[in-house]
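A.B. asks: Just the structure for this:
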Amino acid sequence: MKTPHITTTLTGGNLFGTLGDARRLLNEAGRPDLIEQMFDQVKTSQSYHAALSAILRTLAAAGIEVIGADDPDTSA
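C.D. replies: Take a look at the predicted model:
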């Protein structure tokens with residue numbers, strides 16, 4: 001089975017678009033159980049970068065590779 005992946009820079013983009021892509025990928029990966037948790041983490045995030053980090057962590061937990069993105073919490 002091919003590993004689902006998303007190609008994005010995850011900087012300065014549309015958070016709702018990224019969230020929708022992540023939701024779709026979680027469904028495709030058979031991990032819809034992580035969607036509500038991801039949405040909750042994004043809703044309670046204090047910043048755009050924290051929200052992106054929550055999305056990245058959720059995708060990583062599902063084994064989804066994110067191409068072209070550094071974790072916003074560790075980027076300079």
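
A.B. asks: list the buried ones in the strand or helix carrying residue 19?
C.D. replies: Assigned by DSSP states H and E, residue 19 falls within helix 15-28. Within helix 15-28, the residues that qualify as buried by neighbour count (16 or more other CB atoms under 10 Å) are 18, 19, 21, 22, 23, 25, 26. Placement of C-beta: from N, CA and C, glycine included.

A.B. asks: I'd like those laid out as CSV, including distance to residue 66 and pLDDT.
C.D. replies: Below are the buried residues of helix 15-28 laid out as CSV (distance: CB to CB, whole Å; pLDDT from 0 to 100):
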residue, distance to residue 66, pLDDT
18, 10, 86
19, 13, 90
21, 10, 86
22, 9, 89
23, 14, 92
25, 9, 88
26, 12, 92
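
A.B. asks: ok, those residues vs residue 49, which is closest?
C.D. replies: residue 18 (12.2 Å; CB to CB).

A.B. asks: was I right about that closest one contacting residue 55?
C.D. replies: Yes - counting by CB atoms under 8 Å, residue 18 does reach residue 55; the two are 6.2 Å apart.

A.B. asks: Show the pLDDT at the closest residue to residue 62 other than its chain neighbours.
C.D. replies: Excluding its sequence neighbours, the residue lying closest to residue 62 (CB to CB, 6 or more residues apart in numbering) is residue 31, at 4.1 Å. Per-residue pLDDT puts residue 31 at 94.

A.B. asks: so what's the residue nearest the centre of the chain up against?
C.D. replies: The chain has residue 55 as the residue nearest its centroid, 2.7 Å off, counting by CA atoms, centre = their mean. Counting by CB atoms under 8 Å, 6 or more residues apart in numbering, residue 55 makes contact with 10, 18, 19, 22, 38, 42.

A.B. asks: now these in a markdown table, with distance to residue 48?
C.D. replies: Shown next, in a markdown table, are the contacts of residue 55 (distance: CB to CB, whole Å):
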| residue | distance to residue 48 |
| --- | --- |
| 10 | 10 |
| 18 | 10 |
| 19 | 12 |
| 22 | 15 |
| 38 | 15 |
| 42 | 10 |
